[in-house]
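Asks: below is the structure, and that's it, no one-letter string:
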């Protein structure tokens, strides 16, 4: 089941606050930026970079994912390993609130998200 309107607005507000605090300076955003998107029960945080062979085209690289498991009332946190699969983020694989999700990603204790 997707998020209701209230939950979606709350997620948007928290995600935008996170981006405002963690985006690179405006003068390099055309070479590196971060963003987020919401898909069903999951939030993705991604880097945006120009393609190496075509700098006018941009590509998004997912770096963090969090999925809300409604039956358990918690968010599962994942990171993308070099095998291009999502793996549970070991220091804190699940949290109770969306605010905690963004705090864990921002702290990046093991350097998995913003290494």
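Replies: Cool, the structure landed. The structure presented is a predicted model; accordingly, all values stated were derived computationally and were not measured. Residues are numbered from 1 along each chain as shown.
Asks: make it CA atoms for all contacts and neighbour counts henceforth
Replies: Fine.
Asks: now residue 71: how far from residue 115?
Replies: 33 Å (C-alpha to C-alpha, to the nearest Å).
Asks: again, but for residue 8
Replies: 29 Å.
Asks: those two: which has the busier surroundings?
Replies: residue 8 (12 against 6; other C-alpha atoms under 10 Å).
Asks: does that one lie in a helix or a strand, and which?
Replies: Using DSSP states H and E, residue 8 sits in helix 5-22.
Asks: ok, residue 44 - contacts?
Replies: The neighbours of residue 44, taking C-alpha atoms under 8 Å, 6 or more residues apart in numbering as the test, are 36, 37, 38, 62, 63, 64, 65, 66.
Asks: mean confidence for the helix holding residue 8?
Replies: For helix 5-22, mean pLDDT is 96.
Asks: and that helix, what does it pack onto?
Replies: strand 33-39, helix 98-107 (3 or more C-alpha pairs under 8 Å, 6 or more residues apart in numbering; DSSP states H and E).
Asks: what's the angle between that helix and helix 98-107?
Replies: Per axes from the mean of the first three to the mean of the last three C-alpha atoms, to 10 degrees, the angle that helix 5-22 makes with helix 98-107 is 20 degrees.
Asks: flag every buried residue along helix 5-22.
Replies: 11, 15, 18, 19 (16 or more other C-alpha atoms under 10 Å).
Asks: repeat for stretch 47-63
Replies: In stretch 47-63, counting by 16+ other C-alpha under 10 Å, buried: 47, 48, 49, 50, 60, 62, 63.
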